[in-house]
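1. Following is a predicted model, sequence given first.
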Amino acid sequence: MSGFADELAARPLLGDGAMGTLAQATGARVEGAGSELALFAPELVGALHRRYLDAGAEVLQTHTYGASRLRLARHGLGARVRDVNLAAARLAREVVGDAAPSRPVYVAGSVSPATSPRAAGPPPEAALVRAAVREQVAALDEGGVDLLVLETFAHAEELAEAVAAAREASDLPIVAQATFVDEDGAPVTTHGETPEQVAAIVGALRPVAVGTNCTLGPQGLLTVVRRMAAAVPEGVLVSALPNAGLPHVVSDRSVRFASDTAHFGRYAAHYVAAGARLVGGCCGTTPAHVAAAAAALAAAPDPLLLEASPAPQRPLVTVGGRPATVPLPDVEAEDAALGAAEGDAPGPGRGALGRWLDGWPRRRTALLVAEAGGTGADDLATCLARGRAALGAGAQVLWSGRERTRRPRTSAAAVAAGLQDTAAADVMLTVTSWNTSRMALQADLLGLDALGVHALVCETGNPPVHADRPVRDGVWEVDAVGLVELAASLARGVDPDGSSLPVACPFRVGVRVTPGADDLDRELGRVRAKVEAGAEYLVTRPVYELGRLRRVRAGLEATRTRVPLLMTVVPLSGFAEAEQLRHEVPDVVLPEPVLATARRAGEDPAAGLDLAADLVAAAVAEGLVDGVVVRRPGTPDGLAEAVSRLGALLG
């Protein structure tokens, strides 16, 4: 069927959703390239296409992501490029023909980057890449597709090269899509390009549409759509195909997406209101998501629905509009001033966590912790400004969270060491075990001991979201339980092989507990295993309601798991963040009343702090927690405000 470009110019079209993650959900397991299902399981691929068609999709993408010679060759299928792409294109075309839908339905040939950004070794020569794109495009054209979708490109120049190569092989309409990651609240490609830069570079080649897919969830993609729509050349349209939500690796190492179909549908309407013409879904989306989008797009225009919700703005941590320059304190003078407090009192200063743990439960003093690092700060001076502000507001211990970015930045361990030395404070450090070996972890722990960083929060961790796949593969030789065992062993002065160390590493080891876990019984079982391995305290994931926290406390008491519990509190920055947490983030329970309050308050952060204060007050009154960890990205003053107000509720 022809006429795609004219149809897209005339009205928004609804694409389909994920093929690869949906195929995996059916139980299909492919040892090599997922696109080979078109040859070896055509009935499955055809059935998935039909489900999307029945859900209302008007553009079906072929199951050919990664079906270029350079990628297929890694799985011994380099000689079958034409076979795979031709079969996949004909499958999609046959589904449309057999269904004979009453509306126009177009078949799009899916073309990925010719090589995976995760592939080891130097990239292939440009001539080989262009040849691989031409070969795949030619086979898709022969199979009868109506258009080409070049998707999930992490570099604007690479996407532009693919557009040029595709035109050498076919005159089909082209939709060219880059993928963006969230770097401290701002969308960029993994090469650091902005939506405006991608729109200008790729739009100059005049494809039918320039757009974005994958990596980000529904809300995060909206900012990209708005910025692209304002920057594309006149006559070039915009496309938007988000993931269902944020991915999360679950117990069997499979990937689960936090998603809400109604939320997804609302954002499909937001994209159209923001200027997108082709909307659909990527990883984690299903026919139910597409059906919700179809319903939202078919509804009569509603100003409240079509008024695009703002993406959450997470300001960079700066002072005076630029990274802060903070004079380093006189450490010796501060040590002397703190000397009296470091006796039996659990107050601030180095060793505060250990003193508090040693006095618990005999001395039921609540602990107040503030996250100074891991919230978008790029330099130690900025983290110091936040840390000193938090200490001045009453925090007893600081926290350096793990890095949440792909671009180079000072490591969390370096931030922790710097904070501890220059602010004369005890600093908790998040330590993860994913994608490394037991031997490397032991070396890292010994290095932390040498730096004097001994307050650890151990977790397995998840790889960062990647443009090419929902998550990256990891080693996971050691999980959180194994990491705790390793740290606890070193704290006893024994290495994993049973040999005595010259001096014990005085680690104080904590672990995470997730009240919002789908299977809370299993989560509590894991917590008990971590405590038995040597964990001394628990830190929750961010909490926004107390029902599940009560269940955690009851489960601990029922099994006589007696360790202190710290509740992590993150005041909402506004309604946009609340909406994203409720619908897109795994293992977070944000109840409807909280969302409604945030909706009424809009983007006023004062309401979020009020909600956090009510939560802490109720948790303390019920005796559910032994302390609070305060996280508040932004300025030092904003963090200090939250620490002061929430700390006053601890008594």
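-> In hand now; what should we look at?
2. ok, the nearest residue to Ser573 once chain neighbours are set aside - contacts?
-> Nearest residue to Ser573 in three dimensions, chain neighbours excluded: Pro605, at 5.2 Å (C-beta to C-beta, 6 or more residues apart in numbering). Every C-beta, even on glycine, is put in place using the N, C-alpha and C of the backbone. Residues counted as contacts of Pro605 (C-beta atoms under 8 Å, 6 or more residues apart in numbering) are 571-574, 638.
3. Make a ChimeraX selection of the buried ones in those.
-> Buried residues among the contacts of Pro605 (16 or more other C-beta atoms under 10 Å), as a ChimeraX selection:
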select :571,572,573,574,638
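4. Export the contacts of Pro605 to JSON lines and append columns for distance to Ser644 and pLDDT.
-> Listed next are the contacts of Pro605 as JSON lines, based on distance: C-beta to C-beta, whole Å; pLDDT from 0 to 100:
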{"residue": "Pro571", "distance to Ser644": "12", "pLDDT": "97"}
{"residue": "Leu572", "distance to Ser644": "18", "pLDDT": "97"}
{"residue": "Ser573", "distance to Ser644": "18", "pLDDT": "95"}
{"residue": "Gly574", "distance to Ser644": "21", "pLDDT": "96"}
{"residue": "Gly638", "distance to Ser644": "11", "pLDDT": "95"}
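5. tally of neighbours for Ala230?
-> Ala230: 13 surrounding residues under other C-beta atoms under 10 Å.
6. Which positions within the helix or strand containing it qualify as buried?
-> Using DSSP states H and E, Ala230 maps to helix 218-231. By neighbour count on 16+ other C-beta under 10 Å, the buried set for helix 218-231 is 218-229, 231.
7. What is the nearest of these to Ala299?
-> For those, the residue nearest Ala299 by C-beta to C-beta is Pro218; the value is 17.0 Å.
8. Tabulate the contacts of Pro605 in CSV, adding columns for secondary structure and distance to Leu237.
-> Output for those, formatted as CSV (DSSP: H, G, I helix; E, B strand; the rest coil; distance: C-beta to C-beta, whole Å):
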residue, secondary structure, distance to Leu237
Pro571, coil, 39
Leu572, coil, 35
Ser573, coil, 32
Gly574, coil, 31
Gly638, helix, 40
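9. For the buried residues of helix 218-231, work out which two are farthest apart.
-> Put simply, by C-beta to C-beta the two of those set farthest apart are Pro218 and Ala231, 21.0 Å from each other.
10. Pop out the phi and psi values for the residue nearest to Gly220 when sequence neighbours are not counted.
-> Spatially, and ignoring its direct neighbours in sequence, Gly220 is nearest to Asp182 (5.6 Å; C-beta to C-beta, 6+ apart). Main-chain torsions, Asp182, degrees, to the nearest 10: phi -90, psi 110.
11. From Leu53, how far off is Asp182?
-> 32 Å (C-beta to C-beta, to the nearest Å).
12. Please apply the same query to Glu151.
-> With C-beta to C-beta as the criterion, Glu151 and Leu53 are 20 Å apart.
13. More neighbours: these two, which one.
-> Set Glu151 next to Leu53 and count neighbours by other C-beta under 10 Å: Glu151 wins out with 26 against 22.
14. Can you say which helix or strand has that one in it?
-> Here Glu151 is assigned to strand 147-153, by DSSP H and E.
15. Next, the residues that contact that strand from outside, please.
-> Applying C-beta under 8 Å, 6+ apart, the set of residues contacting strand 147-153 is 4-5, 59, 61, 65, 106-113, 137, 140, 159, 162-163, 166, 170, 172-179, 208, 213-215, 241, 282, 467-468.
16. Name the helix or strand of this structure that has the lowest mean pLDDT.
-> The helix or strand of the chain with the poorest confidence is helix 331-338; it has a mean of 36 (mean pLDDT, DSSP states H and E).
17. Show me what secondary structure element comes after that helix.
-> Beyond helix 331-338 on the C-terminal side, the first helix or strand identified by DSSP H and E is helix 352-359.
18. Tell me the helices and strands packed up against the helix or strand just after that following helix.
-> On the C-terminal side of helix 352-359, the closest following helix or strand by DSSP H and E is strand 367-373. Helices and strands touching strand 367-373, by 3 or more C-beta pairs under 8 Å, 6 or more residues apart in numbering; DSSP states H and E, are helix 380-392, strand 397-400, helix 412-422, strand 627-630, helix 636-648.
19. angle of strand 367-373 against helix 636-648?
-> Orientation check (axes from the mean of the first three to the mean of the last three C-alpha atoms, to 10 degrees): strand 367-373 against helix 636-648 gives 160 degrees.
20. where in the protein is pLDDT low?
-> 1-2, 25-33, 117-123, 248-256, 258-259, 300-347, 374-378, 402-410, 462-476 (pLDDT under 70).
21. any idea which helix is longest in it?
-> In the chain, with assignment by DSSP state H, the single longest helix is helix 81-99.
22. Name the next helix or strand downstream of that one, please.
-> For helix 81-99, the succeeding helix or strand toward the C-terminus, using DSSP H and E, is strand 106-111.
23. name the helices or strands packed onto that next one?
-> Secondary elements touching strand 106-111 (3+ C-beta pairs under 8 Å, 6+ apart): strand 59-61, helix 81-99, helix 126-142, strand 147-153.
24. who's in contact with the second one?
-> In other words, helix 81-99. 1, 33, 35-36, 38-39, 42, 45-46, 49-50, 53-54, 60-64, 67-69, 72, 77, 105, 107, 109, 135-136, 138-140, 142-145.
25. quick revisit: quick check: next helix or strand after the helix holding Ala230?
-> Using DSSP H and E, the helix or strand that follows helix 218-231 in sequence is strand 237-241.
26. who does that following strand pair up with?
-> strand 209-213 (parallel), strand 278-279 (parallel) (DSSP bridges).
27. quick revisit: with only the CA atoms kept, save the longest helix of the chain in PDB.
-> Output in PDB follows, covering the C-alpha atoms of helix 81-99 (Å, rounded to 0.1, in the frame of the first residue of the first chain):
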ATOM      1  CA  VAL A  81      20.300 -11.400   5.400                       C
ATOM      2  CA  ARG A  82      17.900 -11.500   2.400                       C
ATOM      3  CA  ASP A  83      16.100 -14.500   3.700                       C
ATOM      4  CA  VAL A  84      15.400 -13.000   7.100                       C
ATOM      5  CA  ASN A  85      14.300  -9.600   5.900                       C
ATOM      6  CA  LEU A  86      12.300 -10.900   3.000                       C
ATOM      7  CA  ALA A  87      10.400 -13.400   5.200                       C
ATOM      8  CA  ALA A  88       9.700 -10.800   7.900                       C
ATOM      9  CA  ALA A  89       8.400  -8.200   5.400                       C
ATOM     10  CA  ARG A  90       6.200 -10.800   3.700                       C
ATOM     11  CA  LEU A  91       4.800 -12.000   7.100                       C
ATOM     12  CA  ALA A  92       3.700  -8.500   8.000                       C
ATOM     13  CA  ARG A  93       2.300  -7.900   4.600                       C
ATOM     14  CA  GLU A  94       0.300 -11.200   4.700                       C
ATOM     15  CA  VAL A  95      -1.200 -10.300   8.100                       C
ATOM     16  CA  VAL A  96      -2.500  -7.000   6.800                       C
ATOM     17  CA  GLY A  97      -3.800  -8.700   3.600                       C
ATOM     18  CA  ASP A  98      -5.500 -11.500   5.500                       C
ATOM     19  CA  ALA A  99      -7.100  -9.200   8.000                       C
END
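28. Same list, the strands paired with strand 237-241, but as a markdown table with mean neighbour count please.
-> Compiled in a markdown table, the strands paired with strand 237-241 are given as follows (neighbours: other C-beta atoms under 10 Å):
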| stretch | mean neighbour count |
| --- | --- |
| strand 209-213 | 30 |
| strand 278-279 | 28 |
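29. Can you check which of those strands gets nearest to Asp497?
-> Of all the strands paired with strand 237-241, strand 209-213 comes closest under C-beta to C-beta, at 48.4 Å.
30. so who does the residue lying closest to Leu615 once chain neighbours are set aside touch?
-> Using C-beta to C-beta, 6+ apart and skipping the chain neighbours, the partner closest in space to Leu615 is Val569 (6.5 Å). By C-beta under 8 Å, 6+ apart, the contact set of Val569 is 542-543, 612, 615-616, 628-631, 646.
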